[in-house]
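Q: Need coordinates for the below:
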Amino acid sequence: MSDAEPLIISLQGAVAAMPQDRSLRLHLAELLVEGNRPHDALPHITHLLGADPADQHALALLARVTNLLVGTAPAAKTEAASPGPAERSPGVDAFDWSAAEAEVRDLAPPMFIDGSSDGPDEPDVVERPQVRLADVGGMQQVKDRLEAAFLAPMRNPELRRLYGKSLRGGLLLYGPPGCGKTFLARAVAGELGAAFFTVSLADVLDIYIGASERNLADIFRTVRANTPCVLFLDEVDALAQKRSQVRGSAMRGTVNQLLTELDDVLGSNDGVFVLAATNAPWDVDPAVRRPGRLDRMLLVLPPDASAREAILRYHLRDRPLSGIDLAKIVRRTDGFSGADLAHLCESAAEKALLDSVRSGEIRMIDQRDIDRALKEVQPSTGAWLQEARNVAQFSNASGDYDDLVAYLRRR
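A: Predicted coordinates for the structure are as follows:
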């Protein structure tokens with residue numbers, strides 16, 4: 001055992017206990033390099049460079065490690081004489097960086113790229129949906145609101161300039177779960193021919209102080225680089241919870257950062273359409289819904305009769321059917337969400353499949369299977385409507401939920 005080995009073992013334990021301590025990790029990496037252990041030192045060096053790519057000490061150690069790995073330098077410090085001029089090949093560098101990078105390619109990214117890749121210019125997380133509003137069954141009132149808020153100004157640039165209509169905008173979609181809010185947002189992106197970028201709390205939240213705010217800023221930077229783009233904030237009540245209900249400072253800082261990005265004091269949000277969805281708009285911080293941010297609210301209700309028929313046809317289209325009374329099913333599924341209707345079709349198919357397995361004879365899905373499934377599948381919107389009724393009755397002084405009040409009265 002070398003004289004430095006006990007110290008290396010001690011430092012390894014300290015680094016394991018305090019992985020974010022850069023000085024400990026740097027000292028350990030230096031000892032491992034001095035001890036001719038480049039493979040052990042390299043993970044620590046790449047960890048340091050991952051946190052700070054400009055760390056000069058880590059870069060110097062990386063150069064020494066690559067020397068050791070490719071065999072172009074002595075394994076340890078020696079006082080070997082420098083080669084004379086005759087021993088050097090003319091016009092050849094003393095160190096082959098290409099060979100060194102190839103050796104450590106799996107552990108460290110290349111220092112330089114030439115930008116000649118033929119890959120897409122936009123990141124993989126940005127998608128371009130092919131669906132259109134015509135693919136959304138029913139919901140004509142919702143489509144009309146979307147047309148006025150986003151689509152008409154985009155399609156008519158001359159009128160937009162005449163009326164001073166900005167391409168900025170924020171729209172909050174709210175309603176029971178499973179009613180197609182995400183699908184509608186994708187359809188808007190498809191109508192605009194725009195990129196679609198979806199964000200949830202998991203994409204933003206981080207355990208380190210300040211990291212969540214940085215993640216959110218990076219998301220908006222990516223979106224602005226891919227305009228026109230629809231930014232979809234899924235379950236925005238989790239991402240922008242009322243600050244009066246937040247105990248810790250981490251989520252409060254995230255909400256503040258979201259407000260800053262939506263305001264965009266530099267004016268670079270043109271061409272960025274912000275759509276957000278929530279089942280609980282009453283839990284969203286009021287500052288997020290003030291004019292200039294998510295200033296318009298759109299109620300997305302359980303599908304109406306025409307929408308239910310379109311959804312049922314879609315989910316039954318590739319299944320073997322016989323004697324299905326679609327009009328009867330539509331009448332009996334009032335209040336079902338789109339997800340409920342998909343579950344209904346799946347349950348009916350399961351019943352026909354089990355009968356075929358038991359009898360040994362393949363049969364079609366018929367009306368009996370649908371009727372049996374209807375006895376088991378109940379609409380999932382009831383709990384939401386009950387909570388929404390309380391909000392509509394006691395928390396609608398501002399008139400934000402007038403559409404909801406009108407719907408509840410019709411029911």
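
Q: helix/strand/coil for V274?
A: strand (DSSP: H, G, I helix; E, B strand; the rest coil).

Q: Secondary structure of E147: a helix, I assume?
A: Yes. Under three-state DSSP, E147 falls within a helix.

Q: Can you verify L24 is assigned to a helix?
A: Yes. Counting by three-state DSSP, L24 is located in a helix.

Q: and it, how far is that from S10?
A: 10 Å (C-beta to C-beta, to the nearest Å). Any C-beta I mention is one placed from the backbone N, CA and C, and that applies to glycine too.

Q: Those two: which is more packed in?
A: The neighbour comparison of L24 against S10 (other C-beta atoms under 10 Å) goes to L24, with 17 against 11.

Q: Assess the claim that the more buried one and A16 are in contact.
A: No. At 10.0 Å, L24 does not count as touching A16 under the criterion of C-beta atoms under 8 Å.

Q: Any stretches of the chain with poor pLDDT?
A: Along the chain, segments meeting pLDDT under 70 span 1-3, 70-126, 166-169, 248, 264-268.

Q: for it, longest helix please?
A: helix 338-359 (DSSP state H).

Q: helix or strand right after that helix?
A: strand 365-366 (DSSP states H and E).

Q: Other residues contacting the next helix or strand after that next one?
A: Downstream of strand 365-366, the next assigned helix or strand under DSSP H and E is helix 367-376. Contacts with helix 367-376, where a contact means C-beta atoms under 8 Å, 6 or more residues apart in numbering, come from 323-325, 328-329, 332-333, 344, 347-349, 351-352.

Q: Over to P176: give its phi and psi.
A: phi -60, psi 160 (degrees, to the nearest 10).

Q: So it sits against L385, correct?
A: Yes. With contact defined as C-beta under 8 Å, P176 reaches L385; the gap is 6.9 Å.

Q: okay, the two: which has more neighbours?
A: P176 (25 against 19).

Q: what's the more buried one in contact with, if anything?
A: Applying C-beta under 8 Å, 6+ apart, the residues near P176 are N279, L301, P302, S337, S380, T381, W384, L385.

Q: Tell me which two in these are the farthest apart.
A: Greatest spatial distance in these: L301 and S380, 13.7 Å, computed using C-beta to C-beta.

Q: Compare these two (neighbour count), which wins?
A: The neighbour comparison of L301 against S380 (other C-beta under 10 Å) goes to L301, with 22 against 18.

Q: how far away is the more buried one from L353?
A: From L301 to L353 the distance is 33 Å (C-beta to C-beta).

Q: Also A307?
A: 27 Å.

Q: higher neighbour count, those two?
A: A307 (22 against 14).

Q: quick one: the more buried one from V377, how far?
A: 17 Å.

Q: Could you do R363 as well?
A: 21 Å.

Q: In contact with T254, which residues?
A: V204, L205, S212, E213, L216, L239.

Q: could you redo the last one with a cut-off of 10 Å?
A: The contact partners of T254, by C-beta atoms under 10 Å, 6 or more residues apart in numbering, come to 201, 204-206, 212-213, 215-216, 239-241, 243, 246.

Q: Quickly find the element holding the residue nearest to W282 when sequence neighbours are not counted.
A: Excluding its sequence neighbours, the residue lying closest to W282 (C-beta to C-beta, 6 or more residues apart in numbering) is V391, at 5.2 Å. Here V391 sits within helix 382-394, counting by DSSP H and E.

Q: in that helix, what's buried?
A: W384, L385, A388, V391, A392 (16 or more other C-beta atoms under 10 Å).

Q: does the first one really touch N279, like I thought?
A: What that stands for is W384. Yes. If you go by C-beta atoms under 10 Å, W384 and N279 touch, sitting 6.4 Å apart.

Q: Now do the shared contacts for these two.
A: With C-beta under 10 Å, 6+ apart, W384 and N279 have common neighbours G175, P176, P177, G178, C179.

Q: doesn't D206 fall inside a helix?
A: No. Assigned with three-state DSSP, D206 falls outside any helix and is coil.

Q: ok so, going back, by neighbour count, which of the shared contacts of W384 and N279 wins?
A: Neighbour tally across the shared contacts of W384 and N279 (other C-beta under 10 Å): the maximum, 29 neighbours, falls on C179.
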